[in-house]
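Peer 1: Quick check, what structure comes out for this input:
(2 chains)
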Number of protein chains: 2
Amino acid sequence: MLISHDGTTATEVQHQQDATADVEKLKKRQNALTRTIWTLIMIGGFIGLLLMGHVYMMILVMVCQTVAYREVTALFGLATTELSTQDKQSLKDKDPWSKTLNWYFFAVTNYFLYGESIIYYFKHVVFADPQLVPFITNHRMISFTLYVIGFMGFVMSLKKGFLKQQFGLFCWVHMTLLMIVVSSHFVVNNILEGLIWFWVPASLVICNDVFAYIWGITIGRTPLIQLSPKKTVEGFVGAFFSTLVFALFWGTLFMRFNYMICPVHDLGISAWNSTQCKPNPVFVWRELPLWHPFAIFMSTLLGRTITAIPYAPYHLHLLLMACFASLVAPFGGFFASGFKRAFKIKDFGHSIPGHGGMTDRMDCQFLMGVFTYVYYSSLIREHHVTVGTILQTIVSGLTVDEQIELVADLHRYLETQGIVVP
Amino acid sequence: MLISHDGTTATEVQHQQDATADVEKLKKRQNALTRTIWTLIMIGGFIGLLLMGHVYMMILVMVCQTVAYREVTALFGLATTELSTQDKQSLKDKDPWSKTLNWYFFAVTNYFLYGESIIYYFKHVVFADPQLVPFITNHRMISFTLYVIGFMGFVMSLKKGFLKQQFGLFCWVHMTLLMIVVSSHFVVNNILEGLIWFWVPASLVICNDVFAYIWGITIGRTPLIQLSPKKTVEGFVGAFFSTLVFALFWGTLFMRFNYMICPVHDLGISAWNSTQCKPNPVFVWRELPLWHPFAIFMSTLLGRTITAIPYAPYHLHLLLMACFASLVAPFGGFFASGFKRAFKIKDFGHSIPGHGGMTDRMDCQFLMGVFTYVYYSSLIREHHVTVGTILQTIVSGLTVDEQIELVADLHRYLETQGIVVP
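Peer 2: Numbers count the residues shown, from 1 in each chain, chains lettered A, B, ... in the order given. Sure thing, here's the model as predicted:
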């Protein structure tokens, strides 16, 4: 601020105030411009990476989580208000390991989680490479050992007089790992289950944000939550209905592409390759027969015979995901708002020009990603049993005598079913 | 203290000091007695529960983790040194939900983890009950929904002016859940994999503690770690070798009982039932042939022919577990010591008379339990493939055409192996 308490006259103060207001206005406009430009860059980059393939999407998630992790762990300094600046400096001097340990735990967690995903989704690839096999069969043992080494390092770095700080940082690091890195792991799994399970939920969250803003500035009046004074009930409710409609449109648009709905089997493909898979039944169109009187009414209204409306089970799932994106995911944002207010900061960082930190953009995405994963794996994923996998299990897991016994049992079973084996 | 700064004479002060010393001595002796009595009660109770069956062991773990969770979450008050007592009181008045939320998160975490264990180990039982099936197939979805409800409750309970406290408590609760409740889950899994995987590792930790104390008070001189002045290098090293010897003896003693080594299939059994299972190969005795000159030397020495020594692979695993129990698990104790020092407390609580809190007794057990689980599941567990399970998969997962294809494939495979199916 330029206004000082020295002997300036009232007119001079007025002039200065006007100038300040002009500067503020200019700054705001410039900020809005930067924000818009970077929004377009982000959307463009996002779509570009989406078309380039699963690997690029996974790299994007990895970059986002790394930036968010850096932002949140860097904030720990603010949590230690008890210490004077001098103390903090001496803590830094005496505890050079804290930063190393933060990133060590980050690396170990990622090693463990990415390993788990790769082993689960690329069994057929990784088990074919004899050099990788020991790493795969002992993956959890290796990860645990690495973690324990970090844990022992932390205990050995403990210094009298700084214990509270060090335990606080340890807790902070683990919490950040849980909320950012573990969530991102589920987002990566969603990508591997088919890009649509990542793309559509992420879009729904963004759509809900945008509509909450639009409804808020147009008809918003009633404040929604004490922690975020700009959020309104009208914005919340309006965004809910808008997101429901958007979800049906957006989902229907993308469910036609095999590239979007197929689980990944080959990381080399992009949108320009042709992808083939037997689509999950939720994407298969079927007909919903209408109640007879209603069908007659609709036929009269539209001037052509309508007896059923086409739908896919995915539409029901879209509506449920839209509900989550607009009713529950915003709580991730409220959580982040409360957190920022607790530490009296405006943004988590300055990673994206005009947008603040990465964490500010991602707050609701983490919750949405975990929800999508749990929802997908509980209600939608099919456990594929094929002749090939069973044959592999039989050959590798049973003795010859057991194999002969199985063949006999199978013959008997098929006979009781009235089936003659050729 | 009875000594006051008023006008007492030197003799009177001396008398008072003597009296105080006597009282202190009496107190110490009484404390040692209480401690010994409760140690015996604990050992007796532990063995009693062990003989009564797996369910009682699991209940014991559940009780221990609940007490430890209560102790650690209760300590959160000490972490908020910034607040005056008055502020703390007003926080309590304004935030009646914090305690409810703590226990809610505890309940949800346990629901999730125990559910996972029960589903994994008792598939055959729970899938037979049609009322349970929806809870099992949607277990993760239900757990996630319950967690999200708690998360939303937390966000809605946020109050301006207490944000830092509330986020601190949230972080603290999650950290405690991670370190105590999740660890206990692995201990429960160990029990279900066979009581020996719980009993022996837990004994090793206790044995190491006892020997570190014994070696420490007899020949201990060099201090080991700044945080725990009573720990000595001699105790640490002595306990290491003692634990190795103890492990071999203790493991050999218990590996002969089917009750100890069989994975649980029926929760109703106790030590008085006869348990039958095909033992895991690590418990099967075999012969290690000796190097010829060494065999001759040993035979001459002992006066009878020795060509090989009997062993089981479990002995190797025992040595590795003993190494972990004496070299790594103590770091769990150092961690707890540092934590107590950070908050200037002597014990985590007063749950066990003469011993302090439950957490004080359990600190190294958590780390040991997780290690045993990871070690067991990576290196020892056998994935049982039986004719029955494969038949079930074939019947439920393949179409009739695929079943016929499989039979043909199997015939072809067996023929190439030179085996004629009768």
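Peer 1: mind listing what's buried in stretch A:138-155?
Peer 2: Buried residues in stretch A:138-155, defined by neighbour count with 16 or more other C-beta atoms under 10 Å in any protein chain shown: A:139-140, A:142-144, A:146-148, A:150-152, A:154-155. Glycine gets a C-beta too; all of them are placed from N, C-alpha and C.
Peer 1: Next secondary structure after the helix or strand bottoming out on mean pLDDT in chain A?
Peer 2: Ranked by mean pLDDT, DSSP states H and E, the weakest helix or strand in chain A is helix A:85-94, scoring a mean of 58. Scanning forward in sequence from helix A:85-94 by DSSP states H and E, the next helix or strand is helix A:97-121.
Peer 1: following that following helix, which helix or strand comes up?
Peer 2: Using DSSP H and E, the next helix or strand after helix A:97-121 towards the C-terminus is helix A:123-126.
Peer 1: Give me the average confidence score over that following helix.
Peer 2: Averaged over helix A:123-126, pLDDT sits at 73.
Peer 1: Please, where are all the helices along the stretch 101-250 of chain A?
Peer 2: Using DSSP state H, counting those that start in this stretch, the helices of the stretch 101-250 of chain A run over residues A:123-126, A:133-137, A:139-157, A:163-176, A:182-192, A:196-219, A:233-254.
Peer 1: Residue of the stretch 151-300 of chain A closest to chain B, please.
Peer 2: Using C-beta to the nearest C-beta, A:L163 is the residue of the stretch 151-300 of chain A that sits closest to chain B, at 3.5 Å.
Peer 1: my read: that residue touches B:K340, true?
Peer 2: No. If you go by C-beta atoms under 8 Å, A:L163 and B:K340 don't touch, sitting 9.5 Å apart.
Peer 1: Settle it for me: which of the two has more neighbours?
Peer 2: Comparing A:L163 with B:K340 by other C-beta atoms under 10 Å in any protein chain shown, the one with more neighbours is B:K340, at 22 against 19.
Peer 1: need the contact list for that one.
Peer 2: Neighbour list for B:K340: B:K346, B:D347, B:F348 [criterion: C-beta atoms under 8 Å, 6 or more residues apart in numbering or on different chains].
Peer 1: Where helices are concerned, which of those residues count?
Peer 2: Of the contacts of B:K340, none are assigned to helices by DSSP state H.
Peer 1: Spell out the secondary structure type for the residue minimising distance to the centre of chain A.
Peer 2: Nearest to the geometric centre of chain A sits A:G369, at 3.6 Å (C-alpha atoms, centre = their mean). Here A:G369 takes the helix state, with states given by DSSP: H, G, I helix; E, B strand; the rest coil.
Peer 1: residues touching it, list them.
Peer 2: Contacts for A:G369 (C-beta under 8 Å, 6+ apart) come out as A:S183, A:S184, A:F186, A:V187, A:N190, A:F198, A:P201, A:A202.
Peer 1: Go again with 7 Å.
Peer 2: Counting by C-beta atoms under 7 Å, 6 or more residues apart in numbering or on different chains, A:G369 makes contact with A:S183, A:F186, A:V187, A:N190, A:P201.
Peer 1: What about the third one, how many residues nearby?
Peer 2: If I follow you right, that is A:V187. As a burial measure, A:V187 scores 26 neighbours (other C-beta under 10 Å).
Peer 1: Mean neighbour count, the helices of the stretch 101-250 of chain A: which tops it?
Peer 2: helix A:182-192 (a mean of 23; mean count of other C-beta atoms under 10 Å in any protein chain shown).
Peer 1: outside of it, which residues touch it?
Peer 2: Residues outside helix A:182-192 that contact it (C-beta under 7 Å, 6+ apart): A:54, A:57-58, A:61, A:65, A:113, A:117, A:121, A:197-198, A:263-264, A:366, A:369-370, A:372-373, A:376.
Peer 1: Mind telling me which of the helices of the stretch 101-250 of chain A the model trusts least?
Peer 2: Across these, helix A:123-126 has the smallest mean pLDDT, namely a mean of 73.
Peer 1: Report how many residues lie close to A:H15.
Peer 2: A count of neighbours around A:H15, defined by other C-beta under 10 Å, yields 12.
Peer 1: hang on, the earlier thing: out of the helices of the stretch 101-250 of chain A, flag the one nearest A:Q30.
Peer 2: Closest to A:Q30 of the helices of the stretch 101-250 of chain A, according to C-beta to C-beta: helix A:196-219, at 19.9 Å.
Peer 1: So which elements touch that closest one?
Peer 2: For helix A:196-219, the elements it packs on are helix A:182-192, helix A:233-254, helix A:258-261, helix A:313-323, helix A:358-375, judged by 3 or more C-beta pairs under 7 Å, 6 or more residues apart in numbering or on different chains; DSSP states H and E.
Peer 1: pLDDT at A:L406, what is it?
Peer 2: pLDDT recorded at A:L406 is 84.
Peer 1: name the element it belongs to?
Peer 2: Using DSSP H and E, A:L406 maps to helix A:400-416.
Peer 1: Using CSV, list the CA coordinates for that helix.
Peer 2: The C-alpha trace of helix A:400-416 is given here as CSV (Å, rounded to 0.1, in the frame of the first residue of the first chain):
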residue,chain,number,x,y,z
VAL,A,400,-0.2,-84.7,-12.6
ASP,A,401,-2.4,-87.0,-10.5
GLU,A,402,-4.6,-84.0,-9.6
GLN,A,403,-4.8,-83.0,-13.2
ILE,A,404,-6.0,-86.5,-14.1
GLU,A,405,-8.5,-86.3,-11.3
LEU,A,406,-9.7,-82.9,-12.5
VAL,A,407,-10.3,-84.2,-16.0
ALA,A,408,-12.3,-87.1,-14.7
ASP,A,409,-14.3,-84.8,-12.4
LEU,A,410,-15.0,-82.5,-15.4
HIS,A,411,-16.2,-85.3,-17.6
ARG,A,412,-18.5,-86.5,-14.8
TYR,A,413,-19.9,-83.0,-14.3
LEU,A,414,-20.5,-82.4,-18.0
GLU,A,415,-22.3,-85.8,-18.2
THR,A,416,-24.6,-84.9,-15.4
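Peer 1: circling back to that earlier point, with adjacent residues omitted, what lies nearest to the residue nearest to the centre of chain A?
Peer 2: Among residues not flanking A:G369 along the chain, A:V187 sits closest, at 3.8 Å (C-beta to C-beta, 6 or more residues apart in numbering or on different chains).
Peer 1: tell me which parts of the stretch 101-250 of chain A are close to chain B?
Peer 2: With C-beta under 7 Å from any C-beta of the partner chain as the criterion, the stretch 101-250 of chain A meets chain B at residues A:138, A:140-141, A:144, A:148, A:151-152, A:155, A:158, A:160, A:163-164, A:167, A:171-172, A:174-175, A:178, A:226-227.
Peer 1: Please apply the same query to the stretch 301-422 of chain A.
Peer 2: Checking the stretch 301-422 of chain A against chain B by C-beta under 7 Å from any C-beta, the hits are A:328, A:331, A:334-335, A:338-339, A:341-342, A:374-375, A:377-379, A:385, A:387, A:390-391, A:393-395, A:397-398, A:400, A:402-407, A:409-410, A:413-414, A:419, A:421.
Peer 1: what's the offset of stretch A:387-402 from the middle of its chain?
Peer 2: Centre-to-centre, stretch A:387-402 and its host chain are 39 Å apart (C-alpha atoms, centre = their mean, to the nearest Å).
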